[in-house]
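Engineer: sequence plus predicted model, see below.
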Amino acid sequence: MKSDYHLHTWHSADSETPMRSMIEEGIRIGLKTMCFTEHMDYDTPKEMGNFELNTEAYFNEYQCLKEEYQNKIELLFGVELGLQAHLAEKHQAYVGEYPFDFIIGSSHVVRGCDPYYPSFFAGRTEESCYLEYFESIEKNIRVFSDFDSYGHLDYVVRYGPNKNRDYSYGKYQEILDGILKLLIEKGIALEVNSGGIKYGLGEPNPSVDVIRAYRKLGGELITLGSDAHAPQYLAYEFVQLRQILEECGFSRYTEFRKRKPEFVELTNI
């Protein structure tokens with residue numbers, strides 16, 4: 001377990017963990033690299049609260065800690081953008097303001113609603129909600145693609161009324177294949193996020209069949225993230241992620257520095 005490329009601390013609205021606490025735990029468990037990817041979500045529903053990142057405060061603390069821990073662990077500066085099609089110009093301006101090592105693009109909000117809240121599913125079938133969510137992903141990527149990895153592609157399944165009981169890659173293959181082909185075309189990595197295991201799905205986000213389909217379609221760029229908001233979930237179930245990737249035909253994964261991809265052999269996880 002060498003690197004984790006999806007981490008949140010108290011600079012994200014949904015975490016109270018000090019950056020120092022995450023770093024100390026990362027060192028304790030033997031991580032060599034940690035990439036913080038704090039939430040920057042413009043225009044969120046009122047029930048979510050304010051998810052706009054104070055990037056200046058985040059960057060300043062990051063720089064201090066990077067210097068302090070430089071001989072113990074590599075710390076990288078990233079962000080997770082909450083994609084919405086109407087925010088494309090705003091995101092394009094934002095990504096040029098800071099020297100990010102890595103940018104995740106994720107979809108959290110659809111039609112002004114986040115699937116995290118039951119109201120997203122109220123009065124509708126689970127299938128129609130999942131489909132609407134996937135359709136929004138394709139639209140988001142088409143209008144803005146200046147990011148490095150697409151995060152937790154089937155995030156919506158974490159919170160569905162039946163989670164993944166009735167969900168499968170085959171059921172949504174047409175739209176999912178369209179998304180995967182678009183990522184490959186634009187040179188954007190696919191994140192394998194162990195948060196799905198933490199949320200009781202028994203597999204990461206996206207599902208194993210989606211990861212396998214990405215490989216069969218020619219996808220090569222894979223990033224690994226725990227989506228940890230607390231120290232105990234750092235590099236969560238990464239041994240299982242390695243096994244899954246090998247089973248899906250991958251021999252390496254991808255790390256980013258200064259937004260440039262670098263391949264790492266899976267044997268180095």
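Structural biologist: It's in.

Engineer: give me the phi and psi angles of F102.
Structural biologist: Phi and psi for F102, reported as degrees, to the nearest 10, are phi -160, psi 130.

Engineer: an error on my part: the question was meant for I175.
Structural biologist: Per degrees, to the nearest 10, the backbone of I175 is at phi -70, psi -40.

Engineer: state the distance from it to C113.
Structural biologist: Distance, I175 to C113, using CB to CB, to the nearest Å: 19 Å. Glycine gets a C-beta too; all of them are placed from N, C-alpha and C.

Engineer: between these two, who's got more neighbours?
Structural biologist: Neighbour count, other CB atoms under 10 Å: between I175 and C113, C113 has more, with 19 against 16.

Engineer: kindly state the beta-bridge partners for the more buried one.
Structural biologist: For C113, the beta-bridge partners under DSSP bridges are V110.

Engineer: quick one: it and A122 touch, right?
Structural biologist: No: counting by CB atoms under 8 Å, C113 does not reach A122; the two are 9.4 Å apart.

Engineer: quick one: which helix or strand includes L76?
Structural biologist: strand 74-82 (DSSP states H and E).

Engineer: list the contacts for the one residue sitting closest to the centre of the chain?
Structural biologist: Note on the chain: the residue nearest the mean C-alpha position is G151, at 2.9 Å, using CA atoms, centre = their mean. Applying CB atoms under 8 Å, 6 or more residues apart in numbering, we find G151 in contact with H6, E80, I104, G105, S106, E191, N193, G225, D227.

Engineer: need phi/psi at the residue lying closest to it once chain neighbours are set aside.
Structural biologist: Setting aside the residues directly before and after it, G151 is nearest to S106 in space (CB to CB, 6 or more residues apart in numbering), at 3.7 Å. Main-chain torsions, S106, degrees, to the nearest 10: phi -130, psi 160.

Engineer: okay, how far is it across stretch 68-77, tip to tip?
Structural biologist: 15 Å (CA to CA, to the nearest Å).

Engineer: buried residues in it?
Structural biologist: Y69, I73, E74, L75, L76, F77 (16 or more other CB atoms under 10 Å).

Engineer: can I get the residues you listed in JSON lines with pLDDT?
Structural biologist: As requested, those are exported to JSON lines (pLDDT from 0 to 100):
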{"residue": "Y69", "pLDDT": "98"}
{"residue": "I73", "pLDDT": "98"}
{"residue": "E74", "pLDDT": "98"}
{"residue": "L75", "pLDDT": "98"}
{"residue": "L76", "pLDDT": "98"}
{"residue": "F77", "pLDDT": "98"}
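
Engineer: and which of those residues is nearest to T44?
Structural biologist: F77 (22.7 Å; CB to CB).

Engineer: correct me, but the closest one touches N60?
Structural biologist: No: using CB under 8 Å, F77 makes no contact with N60, being 11.1 Å away.

Engineer: let me know how buried E185 is, in neighbour terms.
Structural biologist: 11.

Engineer: which residues touch V210?
Structural biologist: Applying CB under 8 Å, 6+ apart, the residues near V210 are L153, D154, Y169, L176, L180.

Engineer: now do the helices in the stretch 51-200 of the chain.
Structural biologist: 55-68, 88-95, 126-143, 173-186, 195-198 (DSSP state H, counting those that start in this stretch).

Engineer: mean pLDDT for those helices - can I get that in CSV?
Structural biologist: Compiled in CSV, these are given as follows (pLDDT from 0 to 100):
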stretch, mean pLDDT
helix 55-68, 98
helix 88-95, 98
helix 126-143, 98
helix 173-186, 98
helix 195-198, 95
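
Engineer: wait, which of the ones you listed is closest to H39?
Structural biologist: Judging the helices of the stretch 51-200 of the chain by CB to CB, what sits closest to H39 is helix 55-68, at 10.3 Å.
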